[in-house]
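Asker: sequence plus the predicted model coming up.
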Amino acid sequence: MRTDEALQQMPDTEVMLQVQWGSEPAFAEVYRRYYRRLLDFFYGMSVSASGSGRGDAQVAEDLCHETFLRLWRLRVRYRASGSFAAYLFTIARHIWQERRRQLRKEWRLKMVHPADGIENALVAAQDATPDELSHRAEVTERIHSALARLPDEQRMAFVLRTIEGLSLGDIAEVMKCPVNTVRSRRLLAVKQLRKVLRGLFVV
Amino acid sequence: MECDEVRLRLVRYLDNDLPGRVRRDVEEHLEHCYLCQEELNEIVAVLDVCRDALQHPCPRNRFEELHPQLYPPVATHAPSAYAPRRRGRGVLWALAAAAGILILINVGGSVIDMAGQLDSLFNYAAATSERGEVVEPEAADMPVLLAWQHRILWARSLSDDIGRAEDRAPVAAEKDPQAGNGDSAYTPVSWRPEVGARWWKV
């Protein structure tokens, strides 16, 4: 796919204003800039819904697809008044909240993932030796499992800040809450993850 | 700054979310405190591992699959999936119709009731004027006639001056000791006008 070099030099808001006029190359440019970030966001959020205890790559791709379709259909509503990333991730958050219930229902029907509490994960992490957990895939699975036990708001604040690198103001705009609430949610998420992951690797 | 205070601020320090003076204090403390440095390194390691683990395993550009869906087919006869659904309109219309029917029944009943009262009043007036004498009304019509008499008096008292209204009003209050049969709970003689007078000139 080819996009104009001029489009590549433009900031997000200007590209999106061109999308408002129905420019498909501009939309392709927006897609190129953000599809990986949206995939990571949905992949990080889907750890709680997937039955395997890991993020669901297929669900992440579907939701990413749906987010861009909604961005295109609602393009006339865009107002260049703030960060475009915050606008796009707000759409993504709405889509995630719409699909979350359905995904959890599917997860319960599969009955693959045991409903362990945070205490079980803590005990398991303390009992395991670094040798047993040295394998990268296993470490990844434990991280996903730990993240799946976080409340949805804390996980979203953590993913948006740590993985996507959004500013705290943008996260507050996406999550429709004060900046201090974002700070506390992220702090709680990091605290819980440190508890669960302590012992999995040597610093 | 003490170790506890610094450790509470380490995540915000990594986020570059501390005010300048506090940030400088944290940095000064970290320069000489080995334990807080360990704490900071552990947080950095946790965040790095999470960052690596939470990336999509096989990201690929699917814009070519997205492109055909940008323009949904326009419906000709069948309703489109993208058309807004008009929910609840039928229920609203049914409620409005039910309310309208209730109002019509209420108002219609009142009108029919009033028409019946006026009919008996006019019948009595016509019989009185034809015979040239006062006709005793039916006992069943007495409450209606008395009610209308009072209404007329009240309306006239509004337009006339108080003195003239007082002069006319006692006529309706006069009592005829010869009348009154006791069958009715009302006193038909009390409202009876003079002989030859029209019914409304009370």
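Answerer: The structure has been received and is ready for your questions. Numbers count the residues shown, from 1 in each chain, chains lettered A, B, ... in the order given.

Asker: any idea how far B:Asp141 is from B:Asp119?
Answerer: 10 Å (CB to CB, to the nearest Å). The way it works is simple: take the backbone N, C-alpha and C, and place the C-beta from them, glycine included.

Asker: let me redo that: A:Pro178
Answerer: From A:Pro178 over to B:Asp119 (counting by CB to CB), the distance is 74 Å.

Asker: what's the first helix or strand after the top helix by length along chain B?
Answerer: Using DSSP state H to define each element, chain B has its longest helix at helix B:89-131. The helix or strand immediately downstream of helix B:89-131 is helix B:142-159, counting by DSSP states H and E.

Asker: in space, what's closest to A:Tyr87 - neighbours in sequence excluded?
Answerer: Closest residue to A:Tyr87 apart from its sequence neighbours, by CB to CB, 6 or more residues apart in numbering or on different chains: A:Tyr78 at 6.7 Å.

Asker: what's around the one you found, how many residues?
Answerer: 16 (other CB atoms under 10 Å in any protein chain shown).

Asker: contact partners for it?
Answerer: Taking CB atoms under 8 Å, 6 or more residues apart in numbering or on different chains as the contact definition, A:Tyr78 lies against A:16-17, A:19-20, A:87.

Asker: just those residues: which are in helices?
Answerer: Members of those lying in helices (criterion: DSSP H): A:16-17, A:19-20, A:87.

Asker: and these, which are buried?
Answerer: A:16-17, A:19, A:87 (16 or more other CB atoms under 10 Å in any protein chain shown).

Asker: closest to B:Pro68 among the residues you listed?
Answerer: Ranked by distance to B:Pro68 (CB to CB), these are led by A:Val19 at 17.5 Å.

Asker: if I look at that closest one, what pLDDT would I see?
Answerer: According to the prediction, A:Val19 has pLDDT 88.

Asker: that one touches A:Val30, doesn't it?
Answerer: Yes. At 6.2 Å, A:Val19 counts as touching A:Val30 under the criterion of CB atoms under 8 Å.

Asker: by mean pLDDT, flag the weakest helix or strand of the chain.
Answerer: You didn't say which chain, so I picked chain A. In chain A, no helix or strand scores lower on mean pLDDT, DSSP states H and E than helix A:118-127, which sits at a mean of 45.

Asker: helix or strand right after that helix?
Answerer: Next element after helix A:118-127 (DSSP H and E): helix A:136-148.

Asker: contacts for the helix or strand following that following helix?
Answerer: Next along the chain after helix A:136-148, taking DSSP H and E as the criterion, comes helix A:152-158. Under the contact criterion CB under 8 Å, 6+ apart, helix A:152-158 has outside partners A:44-45, A:47-48, A:93, A:96, A:100, A:147, A:150, A:171, A:175, A:182, A:185-186, A:188-190, A:192-193, B:50.

Asker: let me see the domain layout of chain A.
Answerer: Chain A resolves into domains spanning A:1-113, A:115-203 when parsed by automatic domain parsing.

Asker: B:Tyr71: which of those domains is closest?
Answerer: That would be domain A:1-113 among these, by CB to CB, at 9.3 Å.

Asker: and that closest one, how far from the chain's centre?
Answerer: With CA atoms, centre = their mean, to the nearest Å as the basis, domain A:1-113 stands 10 Å off its chain's centre.

Asker: before we move on, the earlier item: select from the domains of chain A the stretch with the lowest mean pLDDT.
Answerer: Sorting the domains of chain A by mean pLDDT places domain A:115-203 lowest, at a mean of 76.

Asker: next, the buried residues of stretch B:19-35.
Answerer: Within stretch B:19-35, the residues scored as buried using 16+ other CB under 10 Å are B:25-26, B:29-30, B:33.

Asker: so which of the residues you listed belong to helices?
Answerer: Judged by DSSP H, the subset of the buried residues of stretch B:19-35 located in helices is B:25-26, B:29-30.

Asker: to B:Ala115, which of the domains of chain A lies closest?
Answerer: Closest to B:Ala115 of the domains of chain A, according to CB to CB: domain A:1-113, at 59.2 Å.
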